[in-house]
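Novice: Next comes the sequence, and after it the predicted model I'd like to discuss.
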Amino acid sequence: MPVEVSWARLGDAHDGLRSLLDPVERARLDATPDPATRGRFLVGCALSRLLLGELLGMPPADVPLRRVCPRCGGPHGKPRLDAPAGSAAYDFSVTHSGALIGVAVCAGAEVGLDVEDADAALDVDSAARIALSARESAILRSLPPADRKPAFLRIWTRKEAVLKALGVGLHMPLHALEMSPPEAPPTVLAWPDHPAAVRRELHLADMVVDGVHPAVVAVAVPRTGSGAGVGPTGVRVTEHDRSGAVSSYGRLG
């Protein structure tokens, strides 16, 4: 299953990218008070539209996207592509953490991408109580203190990528979604009793961005057997650095 993953940076944000956004995206951008959050959203929208525009052969500003929450109908759900009739069906996933913004694109399957800033402050014990199963927490406690944060981030990025691929956000019980140990190939060991989970298999691949930041891509496909998940061999990831394309788009001069 081929997946294209492209990365950009918070520093790529500039006002010229606003021309790529649709009215819903511009309203959300203008309603976001924090400059860093606003910049990450702007770059994520621009990068998504540039990539999908290339694939669909259309201007990036014309790429038809939907941002509708399936629960409340608000404009904050996972963005979806309203693919024109006769074109390939692409799914995509946006992630951002710290200065990193990434977009994964996959044809014919649902995809989820997550990255975490390895340098961000984190209370590992508190986060583990919220996000990890009993077995995952025991593995974490068995590690030397210096190894616990990177181990937690590896497990967490796997879970977050799975949730994004399934399109359920954080509404799935995190303790019941159990991943393989951080040093092992990424695999789902236990599924929650959730309809989105029982219908799909997950293909996962670990990545490291800029040599330190953990990232994971997950691809969800209809379940064909009784296994809880599959390893990384089902995903072929190609990574690109698109900071130059984003930062130069729409600039004058």
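Specialist: Done, it's in.

Novice: Return the distance of Leu202 relative to Gly234.
Specialist: Distance of Leu202 to Gly234, computed by Cβ to Cβ, to the nearest Å: 9 Å. Where C-beta positions appear, they are placed from N, C-alpha and C, glycine not excepted.

Novice: shared neighbours of these two, anything?
Specialist: Common contact partners of Leu202 and Gly234 (Cβ atoms under 8 Å, 6 or more residues apart in numbering): Val219.

Novice: which residues of the stretch 151-253 of the chain fall in strands?
Specialist: Remark: strands assigned in the stretch 151-253 of the chain by DSSP state E, counting those that start in this stretch are 178-179, 188-190, 200-209, 213-222, 236-241.

Novice: Could you save the ones you listed as CSV and add columns showing distance to Met58?
Specialist: Listed next are the strands of the stretch 151-253 of the chain as CSV, based on distance: least, Cβ to Cβ, whole Å:
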stretch, distance to Met58
strand 178-179, 38
strand 188-190, 36
strand 200-209, 29
strand 213-222, 25
strand 236-241, 20
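
Novice: Nearest to Leu113 among those would be which one?
Specialist: Closest of the strands of the stretch 151-253 of the chain to Leu113 is strand 213-222, at 5.1 Å (criterion: Cβ to Cβ).

Novice: Show me what that closest one packs onto, helices and strands only.
Specialist: Here strand 213-222 is seen to pack against strand 2-9, strand 90-97, strand 100-107, strand 110-115, helix 145-166, strand 200-209 when contacts are counted using 3 or more Cβ pairs under 8 Å, 6 or more residues apart in numbering; DSSP states H and E.

Novice: Which elements pack onto the longest one?
Specialist: What it means is helix 145-166. Checked by 3+ Cβ pairs under 8 Å, 6+ apart, helix 145-166 has strand 90-97, strand 110-115, helix 124-131, helix 134-141, strand 178-179, strand 200-209, strand 213-222 packed alongside it.

Novice: Could you do the fourth one as well?
Specialist: Taking 3+ Cβ pairs under 8 Å, 6+ apart as the contact definition, the neighbouring helices and strands of strand 110-115 are strand 90-97, strand 100-107, helix 145-166, strand 213-222.
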